[in-house]
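Asker: need coordinates for the following:
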Amino acid sequence: MADDQHYDVIVIGTGAGGGTLAHRLAPTGKRVLILERGGYLPRERDNWDSTAVFVKGKYRAPEFWYDKHGKEFPPEVNYYVGGNTKFYGAALFRLRPEDFGELRHHDGISPAWPIRYEDLEPYYTQAEHLYLVHGRHGEDPTAGPTSAQYAYPPVEHEARIQQLSDDLGKVGLHPFHLPIGVNLAQDENGLATHDSVCIRCDRVDGFPCLVGAKSDAQVICVDPALAYDNVTMVTDANVRRLETDPTGRTVTRVVAELGNGVTETFGADIVVVAAGAVNSAVLLLRSANDKHPGGLANSSDVVGRHYMRHNNLALMAVSKEPNPTRFQKTLAMNDWYLGADDWEYPLGGIQMLGKSDADQIHGEAPRWAGAVMPDMPFEVLAHHAVDFWLCGEDLPLPESRVTLDKDDAIHLALDEKNNIAGLKRLQHKLRGMLGQLGMHEHHLLDHSIYLHKGMPIGATAHQAGTVRFGDDPRSSALDVNCKAHDLDNLYVVDTSFFPSIGAVNPSLTAIANALRVGDHIAARLS
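Answerer: Numbers count the residues shown, from 1 in each chain. Alright, predicted model coming up:
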């Protein structure tokens, strides 16, 4: 290995975990190498085209995984600088304090974390400020205490969503401004100012941002990190395995296949894996050797297990009045997050989706046969659509797992009915309110095109688990600093480390934890 191929830190992956960690380490002056499987996302008109993004899945990785029955499916993964944050909706929620403790659900136990909410709270604040999160702490009664207010005011509701918020309040609920990461400056009417990077368009949710206004990991972290001379990135670098020294305690070589077909080897004092919950587990399993026959960091046999992805529903209601909203993703509600008056177990949360359009609705038509009003054309239906995202917690089951077969194909076993009773009750709650919210009561349509999926297992955007952290090496792969119990220099900082997933989008927790682990690694290097 050439001397210039050895670094202080190698970071594998550039998403919410890896990109943020690289940004944290950049000012240390240490030599940091970022390895990214993809390249930069092309900037083109199709970035904002519904048919290209949602119906045709133009930017989805051209690969297939296999379910527990051996049936192939296209996963919702994207390999670009910035990872899946290039396509996320930038909804950046904190977990509730209760999520860090043991929670009883209808179908079982959501386990406690080895750290508390208070341990992560300062990093949540730093993450919110770094990712330009707009919101207002204090509006959501289920949220935990905060050490600082958001640095940016909430994105103002447009008229129809403000009416929805008012109507929810009238029935005794507590809607709040959804915390969202966008580079937006608003005038007194809530409109984008002339110098705002964000233009308050209808393309925020699920689309890459053509103008760089969404707080994705590339824009916020990777590009600024690369401004430092000590940070280098190699794109189109598909890391195939990690090799250790003869003792098995130290990762010495990172082997990657480059876009030109050449296999390259890199070395570092510290290696950080952040390839996503599925691919990080795959990399560790594929790196099995004599000292680690079950895969790296896997003496506990938990690597690949306890896969989670939330129980999600994307739903479209039909407003009696037109809904001309463009930037719709401004409202959320967690009143039933931890339970309800008629249900002792957690249900989950409700938030707005990006505004659907006629192209998306046309793409849904085969699934909606007989369910929509026959006298309402797609364009009219789209103009009356109000789109909701319901999110419930699934539980970390050991049999929900990632494995590799002898042909190196990825298999994902998942219990798709795991803990769905709460989500069904959440849907029932929403359906029962439609009339009071100015919606047609009999039209709450499954809007699954937002999930990029033909079957539930394909919705992998919120993937988590598989390399859980904990205090006990017998039941976890990582320690509280996300270092592998079994190795001295291997860390994992994407959502793989989650022992449970809660019922809010996982990105902010991944970002906050990457900042926390970044401080630990920086102290170790110094």
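
Asker: hey, let's count contacts and neighbours off CA atoms from now on
Answerer: Will do.

Asker: what about Val219, distance to Asp202?
Answerer: 20 Å (CA to CA, to the nearest Å).

Asker: so what's the residue count around the nearest residue to Pro27 once chain neighbours are set aside?
Answerer: Nearest in space to Pro27, with sequence neighbours left out and distances taken as CA to CA, 6 or more residues apart in numbering, is Tyr228 at 7.4 Å. Tyr228 has 16 neighbours, counted by other CA atoms under 10 Å.

Asker: try Pro179
Answerer: Neighbour number of Pro179 under other CA under 10 Å is 27.

Asker: surely it touches Arg94?
Answerer: No. Counting by CA atoms under 8 Å, Pro179 does not reach Arg94; the two are 9.3 Å apart.

Asker: isn't the residue nearest to Pro27 right next to Ala26, touching?
Answerer: Yes. Contact status for Tyr228 versus Ala26: in contact at 6.4 Å, counting by CA under 8 Å.

Asker: centre of the chain to the longest helix that the chain contains, how far?
Answerer: In the chain, with assignment by DSSP state H, the single longest helix is helix 507-525. Helix 507-525 sits 17 Å away from the centroid of its parent chain (CA atoms, centre = their mean, to the nearest Å).

Asker: give me the element Val318 is part of.
Answerer: strand 311-319 (DSSP states H and E).

Asker: list of residues touching that strand?
Answerer: 353, 381, 384-394, 419-420, 423, 434, 438-440, 443-448, 450-451 (CA atoms under 8 Å, 6 or more residues apart in numbering).

Asker: now do that strand, average pLDDT.
Answerer: For strand 311-319, mean pLDDT is 90.

Asker: equivalent analysis for stretch 24-32, please.
Answerer: Rounded mean pLDDT across stretch 24-32 is 98.

Asker: now the terminal residues of it, how far apart.
Answerer: Using CA to CA, the gap from the first to the last residue of stretch 24-32 comes to 11 Å.

Asker: so what touches it?
Answerer: 7-11, 22, 225-226, 228, 230-232, 515, 518-519, 522.

Asker: if you set the cut-off to 10 Å instead, what comes out?
Answerer: 6-11, 18, 20, 22-23, 221-222, 224-233, 268, 270, 514-519, 521-523, 525-526 (CA atoms under 10 Å, 6 or more residues apart in numbering).

Asker: and that stretch, what's buried?
Answerer: Buried residues in stretch 24-32, defined by neighbour count with 16 or more other CA atoms under 10 Å: 24-26, 30-32.

Asker: now swap in stretch 203-223 and tell me
Answerer: Applying 16+ other CA under 10 Å to stretch 203-223 flags 203-210, 212-223 as buried.

Asker: how far off centre is it?
Answerer: Worked out by CA atoms, centre = their mean, stretch 203-223 lies 14 Å from the chain centre.

Asker: tell me which residues in stretch 326-339 are buried?
Answerer: Under 16+ other CA under 10 Å, the buried positions of stretch 326-339 are 327-339.

Asker: off-centre distance for that stretch?
Answerer: That offset, for stretch 326-339, works out to 17 Å (CA atoms, centre = their mean).

Asker: go on, stretch 388-407?
Answerer: Per CA atoms, centre = their mean, the centroid offset for stretch 388-407 relative to its chain is 14 Å.

Asker: quick one on the thing from earlier: which of the buried residues of stretch 24-32 fall within strands?
Answerer: Val32 (DSSP state E).

Asker: identify the farthest-apart pair in the buried residues of stretch 24-32.
Answerer: Arg24 and Arg31 (12.7 Å; CA to CA).

Asker: can you name the residues bridging to Glu72?
Answerer: Tyr66 (DSSP bridges).
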